[in-house]
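[1] Starting from these lines, generate the structure:
(chains A, B, C and D)
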Protein chains: 4
Amino acid sequence: MSEQMKVGVLGARGKVGSEVCRAVEAAEDLALVAQVDAGDDIAELVEAGVEAVVDFTHPDVVMDNLEFCIRHGIHAVVGTTGFDAGRLDTLRGWLADNPAAGVLIAPNFSIGAILMMRFAAAAAPFYESVEVVELHHPDKADAPSGTARRTAELIAAARREAGCPPVPDATTTSLDGARGADVDGIRVHGLRIRGLVAHQEVVLGGVGETLTIRHDSLDRASFTPGVLTGLRAIAAHPGLTVGLEHFLDID
Amino acid sequence: MSEQMKVGVLGARGKVGSEVCRAVEAAEDLALVAQVDAGDDIAELVEAGVEAVVDFTHPDVVMDNLEFCIRHGIHAVVGTTGFDAGRLDTLRGWLADNPAAGVLIAPNFSIGAILMMRFAAAAAPFYESVEVVELHHPDKADAPSGTARRTAELIAAARREAGCPPVPDATTTSLDGARGADVDGIRVHGLRIRGLVAHQEVVLGGVGETLTIRHDSLDRASFTPGVLTGLRAIAAHPGLTVGLEHFLDID
Amino acid sequence: MSEQMKVGVLGARGKVGSEVCRAVEAAEDLALVAQVDAGDDIAELVEAGVEAVVDFTHPDVVMDNLEFCIRHGIHAVVGTTGFDAGRLDTLRGWLADNPAAGVLIAPNFSIGAILMMRFAAAAAPFYESVEVVELHHPDKADAPSGTARRTAELIAAARREAGCPPVPDATTTSLDGARGADVDGIRVHGLRIRGLVAHQEVVLGGVGETLTIRHDSLDRASFTPGVLTGLRAIAAHPGLTVGLEHFLDID
Amino acid sequence: MSEQMKVGVLGARGKVGSEVCRAVEAAEDLALVAQVDAGDDIAELVEAGVEAVVDFTHPDVVMDNLEFCIRHGIHAVVGTTGFDAGRLDTLRGWLADNPAAGVLIAPNFSIGAILMMRFAAAAAPFYESVEVVELHHPDKADAPSGTARRTAELIAAARREAGCPPVPDATTTSLDGARGADVDGIRVHGLRIRGLVAHQEVVLGGVGETLTIRHDSLDRASFTPGVLTGLRAIAAHPGLTVGLEHFLDID
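    Take a look at the predicted model:
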């Protein structure tokens, strides 16, 4: 049997982090050698010989975590949110000084969500109309979801590049909010329904036909295959990568 | 054979109106004796001895049409949109002065749409969450659709009567419009997609489960059975009726 | 505060039973006073003063459990499967001797599934066509699901009673199985997809329109509200009741 | 203006054929010079100088039609169903003797359907489970549809190439047909519902998530852009082509 990669999890006792721990333990090619959470000493990673970490922590602490990892040549697969252009530049600077380390910043580890965005952007230039509907549990604080916003941006970019005209809309009388939010000219609607987890639908339409691409996350565990894919690929991708899609071979 | 009811169609050259004309002509118990559209003289209805009209025109002209019909004792089956409380009160006033005339204002003549509304209202008290999504072709002028608005009102009324608390929603950060329009506390979302005709989905959710009721009109012809049902019943229902469901025997 | 009903759970350490325990403990009006599973002494129920049990055990033991409960005047809400006409007759005999006890045998505790079946049967006579699609995880042993089969039977009965003709189907060339299973003349299709839990869709169609009623169970916890509804109503329903729908006030 | 291509339509009085006639007549670069249907003499094509035909007829007559066309050097764009390996081999033989003629056999002329198939095949290797559901009006003679069959074949090929194991299915007790038809190891289900036109859904699932790709043709007119694309390209593609995707530039 081939040697196992030594993995540490930051945010190991959180909802997502504990799912990641379970998945790493279950994977034959990975060994979970460190579980770190608030209050623990991050130096534990070095003592345990960690080769790569998964970070699902908090915007307030993730930069400190990454500085430590990069400095010690530990790769990082990061699902924590809050990365703006400034933070990404800071990471690039640290990585320039430690060229062997790889960092993957991924806003979404769901392979299904990534495929949905790809297909939506690929199909968008063939259709007159396209809108995005996302559906989540009612405890979610932001609307629309980050994935829906990003999907709309990718669709808008694909249409701009293909020279598509704006989507048609003859609405003249409207209740406030009825036509959803406008993201780069693409309408985005957010539903909040008890019982749901995380769901999104892209509806495209032309004369006489529609194409609908829908992604349903029914369980938090749906993120783990993408995290494992990130771990297995990170050593071969030194430097900064933004988006798990760069580690997938879709086309 | 029994005598035929003499029917006039207002908006006879419109897409919906012309379907109505075809259906009236095909019905053995109805005679199409007047077809009126923009530019025609509405007095033609009286000359032709019309007993009941079907009106699929425009919010800008429908009140003038109805004032004329009621004044001349002509019943009206109305699919034109844009009726608010003020307009309905005006109609009631006119009808009080002409007690023999009957007017049916129906936001939707589709029996499927009526079943959808019934089922949505019946199910709503059993669920924590419920939202309405309507999808139409992009040439539609109003958002949300009259059917969606009415569905939300029926749901809200059913929940009030059952003593349900407000639907949960933890949204604190939102792009304008992302959470849809608020109709009596129920969120309503409107999509405009080329290729679609008239579609609506009610999504209800509780712990661990959702119930979805969806109605798809794929062809304008789906409205005509309901219009004929309205014509056949209108003479027996003087005064104002709002909603075709009052003419149906569902339970 | 009103007094709590004392509840016992039979099959308390099973997947469903342990969910029931959690739900009973969380309910303010119910007290979980006994948890019994294989190897435990059922007499514990009497010692603990149990007023009603929930039984999610096994066809092999459920009749012994119910004989004991009925003899001791303990109500029972039963989700265990395997009840045929003979077993129901036996239960009726025992209950005749103990007229204060109530037993609810329910093949499905999901309120959403019950609403889906009700609405499907109510709508079926208005449409020419109707079919049932059920979707479950791929570890399920039977196809179609019991709920899908029962839905088809209810639809077929409603159509027979309304004098509907058979559903139209011009298929002359078919791959084996392509048109699904035939349950009382209604076609039923079963999908097995990893990631799904328990889902069902009833599709009805007439000229130019379709009505779709879909139920999604995303989590086993979706059964618990129905079980609690059963517990709260059982004392007021002495004798045998088959189907949770008799305890719901839907119409 | 460039010269028009002379087009004949076989099955010209059928529902699809008559839409094709309308679309050819409306196209500036095409001339509709022959409309042939059952009872007409196919020799009319030669008299009219037809360069390419569109055939939407019936599996019983299409081979005779194509033998005639190929023998006379007339290109053919064929939407008629029922082509198996034997029929395609027969066509290849005829074309070998008439190398200038081009025949396009396309199970679906809808660009949306082609995108659906592409996306389904691209996504299939990422998921454990995948099944195909097609829904059509109840006057359709074959089940499953040619598009559904082809989608399943493309999915099966993509999974084979990626080394995927068979889709999981623990079914041990099944009503005949409940699990659909088996096309290369992929389950395919066909619904026949009044009111529908032509619809298909591919459901893919992995741990905790599903991806659904759905195509809805709501109007026969949705096929015509693809048919015209086929006519415009056929002269440049002598020999046999199976699938309109070979004439499109998607990637």
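[2] how about low-confidence regions in chain A?
    A:1-2, A:250-251 (pLDDT under 70).
[3] Could you find the closest non-adjacent residue to the most centrally placed residue in chain A?
    Centroid-nearest residue in chain A: residue A:108, 1.4 Å away (criterion: C-alpha atoms, centre = their mean). The shortest distance from residue A:108 to any non-neighbouring residue, by C-beta to C-beta, 6 or more residues apart in numbering or on different chains, is to residue A:147 (5.6 Å). Just so you know, the C-beta spots here come from the backbone N, C-alpha and C atoms, and that holds for glycine as well.
[4] what ranges do the strands span in the stretch 1-150 of chain A?
    Ranges of strands in the stretch 1-150 of chain A, per DSSP state E, counting those that start in this stretch, are A:5-10, A:30-36, A:52-55, A:75-78, A:102-105, A:129-136, A:142-143.
[5] The longest one vs strand B:129-136, what angle?
    It stands for strand A:129-136. Counting by axes from the mean of the first three to the mean of the last three C-alpha atoms, to 10 degrees, strand A:129-136 points 170 degrees away from the direction of strand B:129-136.
[6] and strand A:129-136, how far from the chain's centre?
    18 Å (C-alpha atoms, centre = their mean, to the nearest Å).
[7] what do you get for the third one?
    With C-alpha atoms, centre = their mean as the basis, the distance from the averaged C-alpha position of strand A:52-55 to the chain average is 15 Å.
[8] which residues touch that strand?
    A:5-11, A:17, A:20, A:24, A:34, A:45, A:62, A:65-66, A:69, A:74-80, A:227, A:230-231, A:234-235 (C-beta atoms under 8 Å, 6 or more residues apart in numbering or on different chains).
[9] Please list only the buried members of these.
    Buried residues within the contacts of strand A:52-55, counting neighbours by 16 or more other C-beta atoms under 10 Å in any protein chain shown: A:5-11, A:17, A:20, A:24, A:34, A:45, A:62, A:65-66, A:69, A:74-80, A:227, A:230-231, A:234.
[10] mind listing what the residue lying closest to residue A:58 once chain neighbours are set aside touches?
    Distance criterion C-beta to C-beta, 6+ apart; nearest residue to residue A:58, sequence neighbours excluded, is residue A:80 at 6.6 Å. Residue A:80 makes contacts with A:11, A:55, A:56, A:57, A:58, A:59, A:62, as judged by C-beta under 8 Å, 6+ apart.
[11] Please pull up the helix or strand immediately following the longest helix belonging to chain A.
    Longest helix in chain A by number of residues (criterion: DSSP state H): helix A:146-161. Using DSSP states H and E, the helix or strand that follows helix A:146-161 in sequence is strand A:173-174.
[12] What's the first helix or strand after that following strand?
    Using DSSP H and E, the helix or strand that follows strand A:173-174 towards the C-terminus is strand A:181-183.
[13] same for that next one, what does it pack against?
    Packing partners of strand A:181-183 (3 or more C-beta pairs under 8 Å, 6 or more residues apart in numbering or on different chains; DSSP states H and E): helix A:146-161, strand A:186-192.
[14] now residue A:104: how far from residue A:233?
    Going from residue A:104 to residue A:233 by C-beta to C-beta, to the nearest Å gives 8 Å.
[15] anything in contact with each of those two?
    What both residue A:104 and residue A:233 touch, as defined by C-beta under 8 Å, 6+ apart, is the set residue A:247.
[16] Just want to know which of the two has more residues nearby.
    Higher neighbour count among residue A:104 and residue A:233: residue A:104, with 26 against 18, using other C-beta atoms under 10 Å in any protein chain shown.
[17] On the strand side of things, show who that one bridges to.
    Counting by DSSP bridges, residue A:104 forms beta bridges with residue A:77, residue A:241.
[18] what's around the closest residue to residue A:67 other than its chain neighbours, how many residues?
    Spatial nearest neighbour of residue A:67, excluding adjacent residues (C-beta to C-beta, 6+ apart): residue A:94 at 6.1 Å. Residues within reach of residue A:94, counting by other C-beta under 10 Å, total 17.
[19] so what's residue A:94 up against?
    With C-beta under 8 Å, 6+ apart, residue A:94 has these contacts: A:66, A:67, A:70, A:71.
[20] Just the ones of these in helices?
    A:66, A:67, A:70, A:71.
[21] Filter the residues you listed down to the buried ones and express that as a ChimeraX selection.
    Entered in ChimeraX, the line below selects the buried ones among these, by 16+ other C-beta under 10 Å:
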select /A:66,70
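[22] Stretch A:13-24 close to chain D?
    No: judged by C-beta under 8 Å from any C-beta of the partner chain, stretch A:13-24 and chain D are separated, with a smallest distance of 9.1 Å.
[23] Pipe the contacts of residue A:94 into TSV and attach distance to residue A:51 per row.
    Listed next are these as TSV, based on distance: C-beta to C-beta, whole Å:
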residue	distance to residue A:51
A:66	15
A:67	18
A:70	13
A:71	15
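[24] And these, which is closest to chain B?
    Nearest to chain B among the contacts of residue A:94 is residue A:66, at 25.2 Å by C-beta to the nearest C-beta.
[25] That closest one contacts residue A:91, doesn't it?
    Yes: Residue A:66 is within contact range of residue A:91, at 6.4 Å (criterion: C-beta atoms under 8 Å).
[26] Quick check: neighbours shared by those two?
    In contact with both residue A:66 and residue A:91: residue A:103, using C-beta under 8 Å, 6+ apart.
[27] any idea how far the spatially closest residue to residue A:99 that is not a sequence neighbour is from residue A:95?
    In space, and not counting its chain neighbours, residue A:99 is closest to residue A:238: 6.1 Å by C-beta to C-beta, 6+ apart. From residue A:238 over to residue A:95 the distance is 8 Å, taken as C-beta to C-beta.
[28] same check, this time on residue A:236
    Distance, residue A:236 to residue A:95, using C-beta to C-beta: 15 Å.
[29] These two: which has the busier surroundings?
    Set residue A:236 next to residue A:95 and count neighbours by other C-beta under 10 Å: residue A:95 wins out with 18 against 9.
[30] Please name the residues that touch the more buried one.
    Shown in contact with residue A:95 (C-beta under 8 Å, 6+ apart): A:70, A:101, A:103, A:238, A:239, A:240.
[31] and which of these is nearest residue D:127?
    Nearest to residue D:127 among those: residue A:103, at 28.2 Å, using C-beta to C-beta.
[32] what about the closest residue to chain C within chain A, neighbour count?
    Residue nearest to chain C within chain A: residue A:218 (5.1 Å; C-beta to the nearest C-beta). Using other C-beta under 10 Å, residue A:218 has 23 other residues around it.
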